[in-house]
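K.L.:
next comes the sequence, and after it the predicted model I'd like to discuss.
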There are 2 protein chains.
Amino acid sequence: MSLEDVLARIDADLPDAKTRLMELLRIPSISTDPDYKAQCEQAASWLVSDLQSIGITSEKRATPGHPMVVGHVDGPEHAPHLLFYGHYDVQPVDPLELWNRDPFDPAIEETDAGPVIRGRGSSDDKGQLMTFVEACRAWAAVEGSLPCRITFFFEGEEESGSPSLVPFLEQNADELKADIALVCDTSMVSRGVPSIASQLRGMLKDEFTITGPRIDLHSGHYGGPGLNPLREIARIVDSFYDQDTGRVAVAGFYDGVHEVPEDQLRQWQDCGFDEAEYLNSVGYSQAHGEKGYSTLEQQWARPTLEVNGMWGGYTGAGTKTVIPSQAHCKITCRLVGDMDPDALRDKIRAHVEERLSPDADVTWNNDLEGSRAAVMNIARPEFEAARAALSDEWNREAVFCGMGGSIPVVGFFRNILGLDSMLIGFANDDDAIHSPNEKYDVKSFHKGIRSWARVLDRLSARPA
Amino acid sequence: MSLEDVLARIDADLPDAKTRLMELLRIPSISTDPDYKAQCEQAASWLVSDLQSIGITSEKRATPGHPMVVGHVDGPEHAPHLLFYGHYDVQPVDPLELWNRDPFDPAIEETDAGPVIRGRGSSDDKGQLMTFVEACRAWAAVEGSLPCRITFFFEGEEESGSPSLVPFLEQNADELKADIALVCDTSMVSRGVPSIASQLRGMLKDEFTITGPRIDLHSGHYGGPGLNPLREIARIVDSFYDQDTGRVAVAGFYDGVHEVPEDQLRQWQDCGFDEAEYLNSVGYSQAHGEKGYSTLEQQWARPTLEVNGMWGGYTGAGTKTVIPSQAHCKITCRLVGDMDPDALRDKIRAHVEERLSPDADVTWNNDLEGSRAAVMNIARPEFEAARAALSDEWNREAVFCGMGGSIPVVGFFRNILGLDSMLIGFANDDDAIHSPNEKYDVKSFHKGIRSWARVLDRLSARPA
């Protein structure tokens, strides 16, 4: 047995690993946009081929949406059975003009913080997904086999609400069952601090359109007596918030929210989170959430109602003196504790409908799913093994941290497969995921691969 | 002398007149969009050729923007010298999917209210402009000459703020001077009620961008502590208004606004305006402007602050969990009385800037012009002559009415050329100008041409 040989192999193979990742990044697998369906298919095929090249039996599995990739490989009898999850789809790239390069023509760029892999999906999630695949490749190359039994499970709809995920898990539950799920889609609490996510926020998505006049109107003819849906939507969006407290003003919004226990708060304070860097790196001088809560609490343990898009009227060059017929708004809520997404959706819709002016109507998008918040089972021995492995690689103690994001698959693994999940990721807060100029530090990629090699080694060890 | 012959000629020539208008409508002369520069040039050339075909000396005159068309024709010595103004440029056509046909492939369509000419610019202003040109064509055909000396002056930037207009008027003031200006760019107060506009609202345009974070952020990472510029812009837009009174809440907004005299209010009440049809035709059950003012007052005599466009974040299909870096807003104000656009711009900007949250910045578009409200000099004898001519044609007494729109050229003619203007137009409120499915009633076109023939006849008459 030779973990050191595996790590050396990873180091030597890094140039080729970067080349493989860039191949995958060149495929514009934007799942939310139907125009990119063929490219999602192409990314799935690429992964199947790549897994097969490591000796992993794998195939594309059709769904009503984009395909799943499922692969299986045996390991020693005593070793645990792991389910590794990642997603090969990426976010849209707009606004394209803010990118410093074609988002799908990735490259290594030198930055003040070291070399980075620039391109859409480099961090979320293709680069992270490949840290695990590359660790397996190195194990297979050095040892001829893998130290654990592993099921690989990649989806292509994570960035578009995973509509096919639940039916697929239900239909293939027996095949996908394992001892524990591993997920690589999270970030480190601060640069260089290896992190295991102990809790995630849930998510509620909604979208509405307010209609005022039957048609677009000329503001010279109807400006005055005319109801303007842009004014209406501004008033309603503003009413979502209490500006004095920073809280959401929708009645019942905080039902099911719990305060963070004192001992957990103390642990978070010591977890290496650099609040000033976190805020300043994006241009903030202060936190803007609920008053009385720390930045970490606002991000990890408090719910939000966020407007992700709002539009209506004339948005081109020059002026158009129009009172538009419609205005549109996309929102997402991050949920914590026991917040129920379905109940919350009803409360938000009632809030809007109660505030509409006469002659204004609202319609809702009823195709959007919600997911509850999740808390990990960190008492399981795999968590301590992973913490030790990460601490070895990064030369500092790994931490259990909260996460502000939402990974609905964790709830589905629990409810459908009966699986706990362990979330380990190597992204940094400045990776600009979902934004122009997304990047993944070469250091995250390299040490991420090495980290997984160490985690596999620790997990495969026979209990003492 | 044979006004009846001219009118008969107009009736006989109507099919050809419609064909000519449709030729002009086929040219997509959208002035606000730089992509249509060549098409604006083409529309100007078409008008030059058409005027020349009537025997009017005319030419395109270059400006830094789209060209002016200027034509001259002599008339009898005793007759007045008229300056006729119209504009050949049109509004953008978005949202294109709401049109029932290609906006630049016009056609005659039968409707419940009679036949209409459907297409962008059919009413605003190509169809209206051509009512005057066709009246002149008929006079020239029947009489061999025109009854008045006329200068034709068409611009191509009316829908984009007329940036070249003032310099052009200043540089060509001697050539463009006349006794009175005629403008055909207004509507009738109600269907079938011939109308002369006695007052116009002015206009202030502004546009701002609010920037929060330096880049687009992931709402899982920054949702909570992150300042969202969409929430910021909603709060600020909402703060423009007092929801209880329907008034604009910007400090000093109503400086220079005067109440309408009682006798004028009474006259307006009798002018044939059908409030229910006006509101119901676009889906309103009531007027939504300042409480305590009639619909006509809200439209003609009260100022507004209107949001014409607002946008930011993700607006495509599906969901994107983004906190955008920027949010944008386009506004226009309609001005009345002695409101000063420059002073008002400062007040609105101060209102916004005072309300910005920490870490939010605002930038303004400084390329947008304003214009004051205008009151016509209806004591001039030409107004009584025109009223008589219109009453003859429409078989009911023509009215002096207010107008909610803004025609800045009226102020420029006054200040630069020393000219009073008389505004006569034949559009209807349901013409959907600036909207999808713009149309012009064939009746407006036909009787509009006949109306101008009668007006020219009345104006050319020697004083008794």
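P.N.:
Cool, got the structure. It should be emphasised that the depicted structure is a prediction, and the values quoted were computed from it without experimental measurement. Numbers count the residues shown, from 1 in each chain, chains lettered A, B, ... in the order given.
K.L.:
what's the neighbour count on whichever residue of the stretch 351-464 of chain A sits closest to chain B?
P.N.:
Taking C-beta to the nearest C-beta as the measure, the point where the stretch 351-464 of chain A comes nearest chain B is A:Gly405, at 2.7 Å. No exception for glycine: its C-beta is placed from N, CA and C like everyone else's. Applying the criterion other C-beta atoms under 10 Å in any protein chain shown, we find 25 residues in the vicinity of A:Gly405.
K.L.:
so what's it closest to, chain neighbours aside?
P.N.:
Ranked by C-beta to C-beta, 6 or more residues apart in numbering or on different chains and with sequence neighbours excluded, the top spatial neighbour of A:Gly405 is B:Gly220, at 2.7 Å.
K.L.:
got phi/psi on that neighbour?
P.N.:
According to degrees, to the nearest 10, the main-chain angles of B:Gly220 amount to phi -80, psi -30.
K.L.:
does it touch A:Gly402 like I think?
P.N.:
No. The pair B:Gly220 and A:Gly402 fails to qualify as a contact (C-beta atoms under 8 Å) at a distance of 11.2 Å.
K.L.:
so what sits against both of these two?
P.N.:
Residues touching both B:Gly220 and A:Gly402 by C-beta atoms under 8 Å, 6 or more residues apart in numbering or on different chains: none at all.
K.L.:
ok, the residue of the stretch 351-464 of chain A closest to chain B - contacts?
P.N.:
Residues near A:Gly405 by C-beta under 8 Å, 6+ apart: A:Thr186, A:Leu200, A:Arg201, A:Arg334, B:His218, B:Gly220, B:His221.
K.L.:
in helices, which of the residues you listed fall?
P.N.:
The members of these that map onto helices under DSSP state H are B:Gly220, B:His221.
K.L.:
so which elements touch whichever helix in chain A runs longest?
P.N.:
The longest helix of chain A (DSSP H) is helix A:3-25. Packed against helix A:3-25, as judged by 3 or more C-beta pairs under 8 Å, 6 or more residues apart in numbering or on different chains; DSSP states H and E, are the following elements: helix A:37-53, strand A:114-118, helix A:126-143, helix A:442-460.
K.L.:
the shortest one pairs with which strands, parallel or anti?
P.N.:
Based on DSSP bridges, the strands next to strand A:114-118 in the sheet, each with its direction, are strand A:107-111 (antiparallel), strand A:439-441 (antiparallel).
K.L.:
from the middle of its chain, how far away would it be?
P.N.:
Here the centre of strand A:114-118 is set off from its chain's centre by 20 Å, with C-alpha atoms, centre = their mean, to the nearest Å.
K.L.:
residues in contact with it?
P.N.:
Here strand A:114-118 makes contact (C-beta under 8 Å, 6+ apart) with A:18, A:21-22, A:25, A:100-101, A:106-109, A:122, A:127, A:437-443, A:445.
K.L.:
6 Å instead?
P.N.:
A:Ala107, A:Ile108, A:Glu109, A:Lys439, A:Tyr440, A:Asp441, A:Val442, A:Lys443 (C-beta atoms under 6 Å, 6 or more residues apart in numbering or on different chains).
K.L.:
and those, which are buried?
P.N.:
Of the members of the contacts of strand A:114-118, the ones counted as buried by neighbours, 16 or more other C-beta atoms under 10 Å in any protein chain shown, are A:Lys439, A:Tyr440, A:Asp441, A:Val442, A:Lys443.
K.L.:
check contacts around the last one.
P.N.:
Taking C-beta under 6 Å, 6+ apart as the criterion, A:Lys443 is in contact with A:Gly114.
K.L.:
can you check the first one too?
P.N.:
For A:Lys439, the set of contacting residues under the criterion of C-beta under 6 Å, 6+ apart consists of A:Val116, A:Arg118, A:Ser122, A:Asp431.
K.L.:
is the closest residue to the third one other than its chain neighbours in a bridge, and if so with what?
P.N.:
Nearest non-adjacent residue to A:Ser122, counting by C-beta to C-beta, 6+ apart: A:Tyr440, 4.1 Å away. Beta-bridge partners of A:Tyr440, counted by DSSP bridges, are A:Ile117.
K.L.:
wait, A:Tyr440 touches A:Asp124, no?
P.N.:
No. Using C-beta atoms under 6 Å, A:Tyr440 is not in contact with A:Asp124, being 8.6 Å away.
K.L.:
so what's the residue count around the residue of the stretch 151-300 of chain A found nearest chain B?
P.N.:
Shortest the stretch 151-300 of chain A-to-chain B distance, computed as C-beta to the nearest C-beta: residue-wise this is A:Gly220, at 2.8 Å. Neighbour count of A:Gly220, defined by other C-beta under 10 Å: 26.
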